[in-house]
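Asker: Whatever this is, show me its structure:
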Amino acid sequence: MTGPGDLNRRLVLEEPVDTPDGAGGVTRSYQTVSTLWASVLPASAKGLVVAAGRGVRVAHRITIRSGLEVTTRHRFRLGARIFQIVALREQDGEGRFIEIAAEEHTD
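Answerer: I've put the predicted structure just below:
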C-alpha cells in the first residue's frame, strides 16, 4: 500500500507525437503531458547485448495517483532517464493509485 511520503520523485509523463518524414514513414518525438509525483522502485535487472555493445535493462515499479489517462504508449522521464511503460494496473481496490511496470535501458 502506498503512503503519503512514498511519492517522492517528480516524473514527467510524455506522449508520442508522430510527424510524417516525407518518405512514407514517421519521425517520433515526445511531448510533455504532465509532471507528477511518483514512487520509483527498481524490481530487477538483466544484461543485454545491443548492436555490438552491452547494456542493462532495469525493470521498475512506478506508482502514481490515478486521474490521468496513462497507457503503454506513454513514457516517463526523470532527468535524462527514460522509463518505457510495459503494463499498468490499479494498485488498490479503491482506484486511488496506479502501479506501472516500466523498463529503463542503460549502457
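Asker: Would you quantify the distance from V17 to H74?
Answerer: Per CB to CB, to the nearest Å, V17 is found 12 Å from H74. In short, each C-beta sits where N, CA and C put it, glycine included.
Asker: These two: which is more packed in?
Answerer: Using other CB atoms under 10 Å as the criterion, V17 and H74 rank with H74 on top: 21 against 11.
Asker: how much space between the more buried one and D92?
Answerer: 21 Å.
Asker: repeat for L68
Answerer: Taken as CB to CB, the span from L68 to D92 is 17 Å.
Asker: give the contact list for S34.
Answerer: Going by CB atoms under 8 Å, 6 or more residues apart in numbering, S34 touches V12, L13, L68.
Asker: swap the cut-off to 7 Å and go again
Answerer: L13, L68 (CB atoms under 7 Å, 6 or more residues apart in numbering).
Asker: What of the one 10 residues further on?
Answerer: S44 makes contacts with A59, as judged by CB under 7 Å, 6+ apart.
Asker: which SS class is it?
Answerer: strand (DSSP: H, G, I helix; E, B strand; the rest coil).
Asker: what about the strands in this protein?
Answerer: 9-20, 26-50, 53-65, 75-78, 81-90, 97-106 (DSSP state E).
Asker: Give me the contacts around the fourth one.
Answerer: Read that as strand 75-78. R9, L11, V12, L13, E14, Y30, I62, I82, F83, Q84, I85, A102.
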